[in-house]
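*Asks:* no sequence for this one, just the structure:
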């Protein structure tokens, strides 16, 4: 028998003569309820789809042409060194997975600082120092609080890193600085109320640019004195909520760049004069900007524009704002722009429909592109799959909603079953054509079509669309899926009688809500890390998240809003769910506590429908390790066989 499973983690429960009679056992940290035995044949078919990798750009070395990337060989994400395009990945960290980024010390690069969560999923990340010469790792932060969960930024010459931490109140995220070589130097710079993030040091290291995150669509920028903690607002507050984010000092310290949707629907790049505090737009209105990066000499700005189904990278002259180079790249999604400190070279991540995220670079002088990593795609052969399609439908109120439709290979004929996969957030960046990883197995093995909808509340369609699901408009997003079901019913190539809905986090709430509202139109549902009761969710989630979540969902302390949130909560609607349900959750989840899963499973089971539950005791709310992701995939595949395909 071919053993495509990870050795020592998923093993055969019985060595029977007939392979189809063998089943797998799961790790002891995975607790299953109501789940039948999973055959080894399912595991063998689906395991290869989990063997893909990606390469996440972390940091350029400050003097050499080499970089740190994050990738996984085995179940955990670790830091690797790559010393040139196409060169081998050399693993540096081992043991517990890294959970944050990693940044080289900016002058000599003889060590780097990285993030790791020793609590194993409870979102209490710490900062560590890795010495390249000795390969020794040393704890930099206090080992208890949440440190550096949002961003870590290096000073230019003072050898300090700035980071956010909740160690003062366990709720508010203040700004701290520390010399990573001496953890005793850690000191509080800025006491904050809410969620504040250090973003950029001034060239003389006297000031920090800090972002105050009130909510997804309301953010403000401040200058903070590193010595005194005194702060000065540099963005206006008005009647209309505006998002200012990703601020960066220009290399000469005379200007500040930032992204904002001020005065329009979409984000533009803006520039502020430090003396006058006046902001002027750099990019034109209507040209939505996703990200940017200013070169160390200040002469070139790399800008990533949103072009509907893909990202487009351009290198602009900082003085004229005119393009210098438009690098020729595969169509896809671009992120993690980073200029080399001493070379005119920009590195970035790019993901296409054919490949996971890989690292590329472009020469800022010539525009020449080089590919640094080529990640494995596992069991998926993307060339066999039809190109994904952008589909559109009208919702109940006339609003146009879009999604990405992936069709199975053409060897599958007739109307195809459908999985509707709803993203989290709810303000996650919109779905675009991309590499599917494990989800591609359902296309290739079962011939199922997959739709990823961009319901109202999704980022990337302007601030009005982003806010269109807030507060009492919450169920309008659910109706967007109802309209998608109408659209599927009109598509001859899709089987309206075999539809499954799934999603994680907020997408899990949407899954419950759709299953309650449209039980007569779907076959089954899978909700992962899902909110089942908005009120108890608000009362038990991390305190620092509450202002943002209240802006999105409504303030549960207000009696009328509390009654509304209870009314629309899936636990209140549980008696209406009449389809088989699979519930998956991490026991260490601090955002959506696991009690939400247990109470929903119990309530739906009372309806007399099958309910499968998988609790991953070593996981939190973030991305699962590859072993647990495989287990979830195998259970999901078995669930689909039983309730969608039959």
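*Replies:* Happy to help now that I have it. Being a predicted model, the structure only gives us computed values, none of them experimental.

*Asks:* shaky segments in the stretch 101-250 of the chain?
*Replies:* The stretch 101-250 of the chain contains residues with pLDDT under 70 at 121-122.

*Asks:* Same question for the chain.
*Replies:* If you take pLDDT under 70 as the line, the chain has these spans: 1-21, 121-122.

*Asks:* Swap in 50 and give it another go.
*Replies:* For the chain, applying pLDDT under 50 flags the ranges 1-20.

*Asks:* all helices of it, in order?
*Replies:* In order along the chain, the chain carries the following helices (DSSP state H): 40-46, 440-446, 463-466, 474-489, 506-517, 534-540, 546-553, 559-568, 570-573, 595-605, 626-640.

*Asks:* Most tightly packed of those?
*Replies:* Among those, the stretch with the highest mean neighbour count (mean count of other Cβ atoms under 10 Å) is helix 506-517, at a mean of 27. The way it works is simple: take the backbone N, C-alpha and C, and place the C-beta from them, glycine included.

*Asks:* Can you name the residues in contact with it?
*Replies:* 420-426, 455, 475, 477-478, 481-482, 501-503, 522, 525-532, 568, 570, 573-574, 576-577, 579, 581, 592, 600 (Cβ atoms under 8 Å, 6 or more residues apart in numbering).

*Asks:* which one of the helices of the chain lies closest to residue 237?
*Replies:* Of all the helices of the chain, it is helix 546-553 that lies closest to residue 237, at 14.7 Å by Cβ to Cβ.

*Asks:* and the angle from that closest one to helix 506-517?
*Replies:* 40 degrees (axes from the mean of the first three to the mean of the last three Cα atoms, to 10 degrees).

*Asks:* and helix 546-553, how far from the chain's centre?
*Replies:* 19 Å (Cα atoms, centre = their mean, to the nearest Å).

*Asks:* which helices and strands does it pack with?
*Replies:* strand 207-215, helix 534-540 (3 or more Cβ pairs under 8 Å, 6 or more residues apart in numbering; DSSP states H and E).

*Asks:* Could you save the ones you listed as TSV and add columns showing distance to residue 74?
*Replies:* Shown next, in TSV, are the helices and strands packed on helix 546-553 (distance: least, Cβ to Cβ, whole Å):
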stretch	distance to residue 74
strand 207-215	35
helix 534-540	33
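
*Asks:* I figured residue 179 was touching residue 159, is that so?
*Replies:* Yes - contact criterion Cβ atoms under 8 Å: residue 179 and residue 159 qualify, at 5.6 Å.

*Asks:* Tell me the span between the first and last residue of stretch 429-444.
*Replies:* In terms of Cα to Cα, to the nearest Å, the two terminal residues of stretch 429-444 are separated by 26 Å.

*Asks:* how distant is that stretch from the center of its chain?
*Replies:* Using Cα atoms, centre = their mean, the offset of stretch 429-444 from its chain centre is 14 Å.

*Asks:* what do you get for stretch 410-420?
*Replies:* With Cα atoms, centre = their mean, you get 28 Å for stretch 410-420.

*Asks:* begin at 9 from here
*Replies:* Fine by me, first position is 9 from now on; the one you just mentioned is stretch 418-428.

*Asks:* Give the buried residues for it.
*Replies:* 424, 425, 426, 427, 428 (16 or more other Cβ atoms under 10 Å).

*Asks:* My guess is residue 324 contacts residue 334. True?
*Replies:* No - under the criterion of Cβ under 8 Å, residue 324 makes no contact with residue 334, lying 10.0 Å away.

*Asks:* So for the protein, which residue is the most central one in space?
*Replies:* residue 436 (7.5 Å; Cα atoms, centre = their mean).

*Asks:* neighbour-wise, which of residue 324 and residue 334 wins?
*Replies:* residue 324 (21 against 12; other Cβ atoms under 10 Å).

*Asks:* any idea how far the closest residue to the more buried one other than its chain neighbours is from residue 373?
*Replies:* Closest residue to residue 324 apart from its sequence neighbours, by Cβ to Cβ, 6 or more residues apart in numbering: residue 309 at 4.8 Å. Distance from residue 309 to residue 373, counting by Cβ to Cβ, to the nearest Å: 15 Å.

*Asks:* what residues does stretch 256-269 touch?
*Replies:* For stretch 256-269, using Cβ under 8 Å, 6+ apart, the contacting residues are 207-212, 217, 225, 229, 242-243, 250-255, 275-283, 287, 290, 297, 299-302, 304-306, 309, 470-471.
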